[in-house]
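In: Curious how this folds, go ahead:
(chains A and B)
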Protein chains: 2
Amino acid sequence: MTDFDIKYAEYQKIFDEYLSNFCDKLVCEPQILKESLIYSLKLGGKRVRPVLMLAIADLLGIDRTSISNFAVALELIHTYSLIHDDLPEMDNDDFRRGKPSNHKVFGVGNAVLAGDGLLNTAYSILFNECFNGNEYISASKYICDCAGISGMIAGQSADLLHENDTTVDEKILDFIHLNKTAKLIMAACVTPSILCGGKYYSEIKTFARDLGFLFQLTDDILDVEGSFENLGKSVGKDGAEGKYTAVRLYGLSDCKLRADLFCDRCIKMLEGLDGDTQFLKDTVYFVRQRIN
Amino acid sequence: MTDFDIKYAEYQKIFDEYLSNFCDKLVCEPQILKESLIYSLKLGGKRVRPVLMLAIADLLGIDRTSISNFAVALELIHTYSLIHDDLPEMDNDDFRRGKPSNHKVFGVGNAVLAGDGLLNTAYSILFNECFNGNEYISASKYICDCAGISGMIAGQSADLLHENDTTVDEKILDFIHLNKTAKLIMAACVTPSILCGGKYYSEIKTFARDLGFLFQLTDDILDVEGSFENLGKSVGKDGAEGKYTAVRLYGLSDCKLRADLFCDRCIKMLEGLDGDTQFLKDTVYFVRQRIN
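Out: Residues are numbered from 1 along each chain as shown, chains lettered A, B, ... in the order given. Predicted structure coming up:
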């Protein structure tokens, strides 16, 4: 294991404890609702957003406990979006992280409610945080807007709209990638900055946006080059279902060049910041080279 | 028109202006997402929740402008719940307020996103309100919890779980009615109380809960006795689809007696409050006697 692997696993472990605490204290009836929420939360995944939030909190010298609830809330939002995205009339994915999607286990009706429940619970957590002061309200609102109709939901809607649309151009694809993918990564990275009064706000926002684009580019590359074993979900599905992927617009080789470009931009931005940014740099390379 | 009709229409008009302002200022791409949100918001309906919120604000002497955004946010939450409830794998309703349901016009995928978008936007509005002070945070959190997994979503989940379940008893039905129906009415009524430091908090909460039960009882009665013309939605559907309604558990005649009982309880609670409660009393009778 490299130093990066060790530190990434450490952050994952910290976050998984926050999440376990949340799940242990979750009071919710009927039992099937609780089970379906926890099923999707515990499917695991890379926990990229919470890991980024923790790493940037460390960089900015923020107490981890002050962001723990933000990290949980954001992962709840991310998880709700996956549950609704996997629904038959959305992306129609039967697998997520190598396991059956929420609706395959609990049925479509319960999966809709599980998603609604996670989204709502995320905001219940964040309203509690609001009592801590204006920075906490600003951070909560920032996360909410990144997730909403000028953020992730706009991206999902555009993604759905342009399925099987052969006129998709760079501008439309950028809109989808910015909103569908980059916005929640921006929420993860910018939250610690807002909580400490806006330190490196615009630098971190730009870094997170570029990392979001990189993330989506590698996602589209993996849809062509990945394997079910590594990805835990169907491969070649996006392209086959008429989804307008970056690979389809630019071709595989140009897509990789673009990924390298965004990778470089992320690294350059980090080099302009004080403090130890090595872990964040390695995270950028990790996203570029990931196989799942 | 009675005095009640005039005042009800006045409150509706006030709220419809709040909502129109909100819709006019709504910035959201792609266009189909914006259209689908506004389609469902402008389907109309009785606006019971905002009317109650305004009436109780008046009773407590709260400036209407301070609750306008809460009223809009709550109606967004109510509207999202109808969109998701109407989905084929939930209640499967093709009509809502005499017009095609959201998913019949925009497709299931877009309807899921429209619901998600309304829920998220409601909280974006409420996070903005949080900057006004702790009462505003408390009210926002109260609304969020009424809508969430210990509130409306729990009720919807239990409703789905007990479809075609012939062992449903009073306890389960009370759980469903309290959470699915009464909680959002409680959110409407209690919000003004929280905003003015908790005046009549427990009285208003009890009143709203009883009114919520009354509302669901008359809903179940109308499912048997109503007409499509008046209701704007399918009649006899709940009972036919194995949904465990109050009429099914108690019989039509006992169901009406129970409705009268909750009606009396609401009136008695209002009689214990200072100020002019005539409009609220008339609203209770209106809910009892409504034909839609």
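In: How many residues are close by A:D264?
Out: For A:D264, the tally of surrounding residues (other CB atoms under 10 Å in any protein chain shown) stands at 14. (C-beta placed from N, C-alpha, C; glycine too.)
In: what's the pLDDT at it?
Out: You'll see A:D264 listed with a pLDDT of 98.
In: what about it, which helix or strand?
Out: Using DSSP states H and E, A:D264 maps to helix A:252-271.
In: Check which helices and strands that helix sits against.
Out: helix A:201-225, helix A:246-250, helix A:278-289 (3 or more CB pairs under 8 Å, 6 or more residues apart in numbering or on different chains; DSSP states H and E).
In: who's in contact with A:C266?
Out: The neighbours of A:C266, taking CB atoms under 8 Å, 6 or more residues apart in numbering or on different chains as the test, are A:F207, A:D210, A:L211, A:L214, A:K281, A:V284.
In: Can you give me the neighbour number for A:A55?
Out: 22.
In: cool, and A:D254?
Out: If we define neighbours as other CB under 10 Å, then A:D254 has 12 of them.
In: try A:A188
Out: 29.
In: Now do A:G98 against A:E229, distance only.
Out: As judged by CB to CB, to the nearest Å, A:G98 and A:E229 stand 8 Å apart.
In: more neighbours, those two?
Out: More crowded of A:G98 and A:E229, by other CB under 10 Å: A:G98, with 14 against 10.
In: Nearest residue to that one in space, ignoring adjacent ones along the chain?
Out: Once flanking residues are discounted, A:G98 sits nearest to A:G232: 3.3 Å by CB to CB, 6 or more residues apart in numbering or on different chains.
In: contacting residues around the one you found?
Out: By CB under 8 Å, 6+ apart, the residues touching A:G232 are A:F95, A:R96, A:R97, A:G98, A:K99, A:N292.
In: Would you mind confirming that A:I176 makes contact with A:G155?
Out: Yes. Using CB atoms under 8 Å, A:I176 is in contact with A:G155, at 5.2 Å.
In: For A:A73, what are phi and psi?
Out: phi -60, psi -40 (degrees, to the nearest 10).
In: ditto for A:R96
Out: phi -150, psi 120.
In: A:D93 too?
Out: phi -100, psi 120.
In: ok, and the closest non-adjacent residue to it?
Out: Nearest non-adjacent residue to A:D93, counting by CB to CB, 6+ apart: A:D86, 4.2 Å away.
In: Next, find the distance separating the one you found from B:Y250.
Out: Here the distance between A:D86 and B:Y250 works out to 40 Å (CB to CB).
In: near chain B, which residues of the stretch 101-250 of chain A?
Out: Contact residues, the stretch 101-250 of chain A versus chain B (CB under 8 Å from any CB of the partner chain): A:107-110, A:112-113, A:115-117, A:119-121, A:123-124, A:126-128, A:130-131, A:134, A:137, A:140-141, A:144-145, A:147-150, A:153-154, A:156-158, A:160-161, A:175.
In: Which PyMOL command selects the buried ones in those residues?
Out: Typed into PyMOL, the next command selects the buried ones out of these (criterion: 16 or more other CB atoms under 10 Å in any protein chain shown):
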select buried, chain A and resi 108+109+110+112+113+115+116+117+119+120+121+123+124+126+127+128+130+137+140+141+144+145+147+148+149+150+153+154+156+157+158+160+161+175
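In: Of the residues of the stretch 101-250 of chain A next to chain B, which belong to strands?
Out: The members of those all map outside strands under DSSP state E.
In: what's A:C196 in contact with, if anything?
Out: A:L60, A:G61, A:I62, A:E135.
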